[in-house]
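In: Here you go, sequence then predicted model.
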Amino acid sequence: MKQFFLLVERIISRVNASLREYDFHVDAYINAVTDPRKMLEYYATYAVTSKHPLRLHFTGSNIAGSYFLGKCYVHDSVVYKSDLRGDELKRKGDLAMGVKQLPLTEDEFILIRNSFLFRTLIHSRSHNIETPEELFVRNSVAAHYSNIHGSTLEGCYLGVFATVDQMSLHSCVVGDFSYLQVDKLFHHVIKPGTVWIEKDEFSFHYTLPSEILRRYITFDADHRPTGILFDFVDGKKADFDRIYDNIKIGKLRIPATSTVNRFSLIKGRTKIGENVLISQRAYLDNAEMGRGSNAQENTFIVHSKLTGYDITAHGAKIIHSQLGENIFVAFNSFLNGKPEAPISIGKGCIIMAHTIIDSDEAINIPEDHLVWGFIGSPSDLATNSVALSVLRQSRELSIGDMTFSGDGNLFVEGYRATIHHILEHNGAFYSRGKNRGHAQDHQSTAINTIQPYHIGPRQGLYPSISIEP
């Protein structure tokens, strides 16, 4: 595997060079997770549908266990058990960021170069006005279960469970379990557990206390991640092995208007309603998915009911919980209910990204509330939630460790518009041939498998392959 190890060394050198001003080195993280044997065990898959442009090209890379959809290019990179989901990439002629003078001259594509992605999701479309045809990740490292959502990266490190959303970053270190949506960041170090949303009209900021974060995400002496949240996800990964043994999904009653990806895991008495989308690597066990609901990549819905039109965003986990209608559970949230201490969430609530609800008592969240931070008991709702009606009327708000400034009504309406947009794109409103979305367009997906060299100096790398229409 000589060439594979040379590839990893080159990636480390490039990323370290980009982050040299912080004396930050990615060697320990990459060395802790790089197991050459694993790089040979798993094939890569390319999904083909009639609704999405077809092109996949990779060279000099390892893409073990990864899932690709849409136009994707991977060069001199390690992309391990990651999802590059290009079903929302812009098409030729679309306007870049809505600017009339900037129509795309070609279909948008995902580009990975000189980077190391480990169990990472890439989705959405570029929000970088300078490169509207490219959703790129260059000279960067993304750790376990990080989300790159409509964000371009160059020379960056994303920590475990970190999310960057609709922005561009250059030479940044994003701490573990942080969520960012701030347009652009150049040469920043973001503290672990930070949730930071910054627009011209408003600003939301919260940082999870370090003593709480360490309980859920920390590192052992060998620099391997551990903690309550990581161990929950890591403990389920073996369950996914069987779904890679067969190309066809097992028997499951699925309405004709819904899609269950064959690389999702469905257990127990799970019920799938109309217009439901279940993405790859979603884990459902005794789950009830009401009409128009979805489970996106790396989500877990266990012993829980989603009444209808509920969104489980990338990486969110819902356990022993009951959700009313139109609830948004954002990126990497951890709703850890118990049989004796369930979580109940009223309709219209917004659970902010990277929220942790973990209590030994029942938690009941009233309808139309915004929830954030850490809730370890019912009393924590006083400092980690607010009625949307109150937020709408606010210009300055400080509750517990959360600070908000700007137009509260625009903040709420922005989330409402985002929720409607997601439901619309997912096909939640499909009826009688109208309002098609992912739940309908992904039904006829065909899967192609791709394998690496198993012997010789290129062992662990994949042959240079181009799949085109």
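Out: Cool, got the structure. Numbering: from 1, shown residues only.
In: what residues does stretch 8-27 touch?
Out: With C-beta atoms under 8 Å, 6 or more residues apart in numbering as the test, stretch 8-27 has contacts from 30, 34, 76-78, 114-116, 139-141, 154-157, 171, 173, 187, 189. Yep, even glycine has a C-beta here, placed from its N, CA and C like the rest.
In: Can you list the low-confidence ranges for this protein?
Out: Applying pLDDT under 70 to the chain flags the ranges 98-99, 242-251.
In: Please parse it into its domains.
Out: Per automatic domain parsing, the structural domains of the chain span 2-192+445-467, 240-441.
In: just the helices in the stretch 351-469 of the chain please.
Out: 381-384, 388-392, 408-425, 438-441 (DSSP state H, counting those that start in this stretch).
In: Can you tell me which helices and strands the last one packs against?
Out: In terms of contacts (3 or more C-beta pairs under 8 Å, 6 or more residues apart in numbering; DSSP states H and E), helix 438-441 is packed against strand 259-260.
In: The closest residue in space to residue 351 that isn't next to it in sequence and residue 429, how far apart?
Out: Distances taken as C-beta to C-beta, 6 or more residues apart in numbering put residue 329 closest to residue 351, at 4.6 Å, once the chain neighbours are dropped. According to C-beta to C-beta, to the nearest Å, residue 329 stands 20 Å off from residue 429.
In: The two - which one has more neighbours?
Out: Remark: of residue 329 and residue 429, residue 329 carries more neighbours, 30 against 16, as counted by other C-beta atoms under 10 Å.
In: need the contact list for the more buried one.
Out: By C-beta under 8 Å, 6+ apart, the neighbours of residue 329 are 310-313, 316, 318, 323, 335, 351.
In: Closest one of the residues you listed to residue 69?
Out: residue 313 (17.9 Å; C-beta to C-beta).
In: quick one: the closest one and residue 331 touch, right?
Out: Yes: look at residue 313 against residue 331 with C-beta atoms under 8 Å: they come within range, at 5.0 Å.
In: where do the contact lists of those two overlap?
Out: By C-beta under 8 Å, 6+ apart, the residues touching both residue 313 and residue 331 are residue 353.
In: any chance you could map the helices in the protein?
Out: 2-18, 27-33, 38-41, 210-216, 228-234, 381-384, 388-392, 408-425, 438-441 (DSSP state H).
In: residues contacting residue 310?
Out: 290, 292-294, 323, 325-329.
In: Residue 459 too?
Out: Per C-beta under 8 Å, 6+ apart, neighbours of residue 459: 1, 4, 40, 452-453.
In: Distance-wise, check the closest residue to residue 375 other than its chain neighbours relative to residue 182.
Out: The shortest distance from residue 375 to any non-neighbouring residue, by C-beta to C-beta, 6+ apart, is to residue 357 (4.5 Å). The gap separating residue 357 from residue 182 is 25 Å, by C-beta to C-beta.
In: Residue 327 versus residue 361, what's the distance?
Out: 21 Å.
In: The two: who's more crowded?
Out: Set side by side, residue 361 and residue 327 show more neighbours around residue 327, with 26 against 13, by other C-beta under 10 Å.
In: check contacts around the nearest residue to residue 324 once chain neighbours are set aside.
Out: Leaving aside its sequence neighbours, residue 324 sits nearest to residue 347 (C-beta to C-beta, 6+ apart; 3.4 Å). Taking C-beta under 8 Å, 6+ apart, we find residue 347 in contact with 307, 324-327, 367-368.
In: quick one: which of the residues you listed has the most company?
Out: Highest count within those by other C-beta under 10 Å belongs to residue 327, 26 neighbours.
In: Confirm for me that it is in contact with residue 335.
Out: No: in this structure, residue 327 is not within contact of residue 335 by C-beta under 8 Å, at 10.4 Å.
In: Need the overlap of contacts for these two.
Out: Contacts common to residue 327 and residue 335, judged by C-beta under 8 Å, 6+ apart, are residue 351.
In: and residue 49, how many neighbours?
Out: Neighbours of residue 49 (other C-beta under 10 Å): 17.
In: you'd agree it is up against residue 444?
Out: Yes: applying C-beta under 8 Å as the test, residue 49 and residue 444 come out as touching, 6.1 Å apart.
In: ok so, going back, which of residue 357 and residue 182 has more neighbours?
Out: residue 357 (26 against 18).
In: contacting residues around the more buried one?
Out: Applying C-beta under 8 Å, 6+ apart, the residues near residue 357 are 333-337, 343, 351, 363, 371, 375.
In: Of these, which is the most crowded?
Out: residue 335 (29 neighbours).
In: Enumerate every residue touching it.
Out: 316-319, 321, 329, 343, 351, 355, 357.
In: With residue 186 instead?
Out: Residue 186 neighbours (C-beta under 8 Å, 6+ apart): 169-172.
In: Which members of these are positioned in strands?
Out: Among those, the residues falling in strands (DSSP state E) are 169-170.
In: Let me know the closest of the contacts of residue 186 to residue 83.
Out: The closest of these, once distances to residue 83 are taken by C-beta to C-beta, is residue 169, at 19.7 Å.
In: one step back: what are the bridge partners for the residue nearest to residue 351, then?
Out: Beta-bridge pairing of residue 329 under DSSP bridges involves residue 312, residue 351.
In: Contact partners for residue 395?
Out: 405-408.
In: List buried residues within these.
Out: The neighbour-count criterion (16 or more other C-beta atoms under 10 Å) marks 406-408 among these as buried.
In: Adding distance to residue 388 as columns, could you present the residues you listed in JSON lines?
Out: Supplementary listing: the buried ones among the contacts of residue 395 in JSON lines, determined by distance: C-beta to C-beta, whole Å:
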{"residue": "406", "distance to residue 388": "15"}
{"residue": "407", "distance to residue 388": "14"}
{"residue": "408", "distance to residue 388": "9"}
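In: Out of these, which is nearest to residue 301?
Out: residue 408 (30.6 Å).
In: Pretty sure that closest one sits against residue 396.
Out: No: assessed by C-beta under 8 Å, residue 408 is found out of contact with residue 396, at 9.2 Å.
In: which residues does residue 411 contact?
Out: Contacts of residue 411 (C-beta under 8 Å, 6+ apart): 201-202, 204, 391, 404.
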